[in-house]
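Peer 1: how would this look folded up:
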Amino acid sequence: MELQTKRLILRAWQENDAESLYKYAKNPNIGTISGWQPHTSVEYSREIIRTVMSADETYAVVLKETSEAIGSIGFIPPQSKHSIEMMGDESEIGYWIGEPFWGQGLIPEAVRELLRYGFEDLNLSAIWCGYFDGNEKSRRVQEKCGFIYHHSEHNKFVPLTDEIRTEHFTRILRKNWKNPQ
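Peer 2: This is a model prediction of the structure:
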């Protein structure tokens, strides 16, 4: 399946995206703030595509202009939900984008499309999003997309970074969501 916005294609990750994934995911400014370790090689990125990025509802964020995968977005699988507050007909969005593309409104554009898809096609009742302390860019994306602060969870162990952090959760209810188009 493929979703599209004005500037982006959201599509399944492909193994030939490994070089592009590595190019952006090796940056410690990306992974560390998002809760995962920077990628160490193209082969490692290829393995992440095969294992993690192959999950249902996980999409490469592809710039239409260049056809390059520049980030990732998707619904986090139910068994991996970050907050115990989430119910069965709710889901959580996770995302990141390469640093050269920060500040261009691309991730809010992708998030809005995933919100549309989640509410209209998947019939979700609520969609959640989270960010770790200090990740102001992610907090700002969530605000721009209409998410409302719900709660914080302190002293959470983040296995991929082996750290204890505070995670803040926001959500938007289907009844409060409006298609931004």
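
Peer 1: which of the residues in the helix or strand of the chain with the lowest mean pLDDT are buried?
Peer 2: Here the helix or strand of the chain ranked lowest by mean pLDDT, DSSP states H and E is helix 28-34, holding a mean of 84. Buried residues in helix 28-34, defined by neighbour count with 16 or more other Cβ atoms under 10 Å: 30-34. Every C-beta, even on glycine, is put in place using the N, C-alpha and C of the backbone.

Peer 1: ok now the helix or strand just after it, how far from the chain's centre?
Peer 2: Per DSSP states H and E, helix 28-34 leads on to helix 42-51 as the next helix or strand towards the C-terminus. Computed by Cα atoms, centre = their mean, to the nearest Å, the chain-centroid distance of helix 42-51 equals 17 Å.

Peer 1: quick check: of the buried residues of helix 28-34, which lies closest to Thr166?
Peer 2: Ile33 (13.0 Å; Cβ to Cβ).

Peer 1: please report the distance of that closest one from Cys129.
Peer 2: Between Ile33 and Cys129 the distance, using Cβ to Cβ, to the nearest Å, works out to 14 Å.

Peer 1: mind listing the helices for this protein?
Peer 2: Per DSSP state H, the chain carries helices over the ranges 18-25, 28-34, 42-51, 106-116, 136-144.

Peer 1: now distance to Gln4 too, for those helices, in JSON lines please.
Peer 2: Rendered in JSON lines, the data for those read as follows (distance: least, Cβ to Cβ, whole Å):
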{"stretch": "helix 18-25", "distance to Gln4": "19"}
{"stretch": "helix 28-34", "distance to Gln4": "24"}
{"stretch": "helix 42-51", "distance to Gln4": "21"}
{"stretch": "helix 106-116", "distance to Gln4": "8"}
{"stretch": "helix 136-144", "distance to Gln4": "19"}
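
Peer 1: many thanks, we can stop here.
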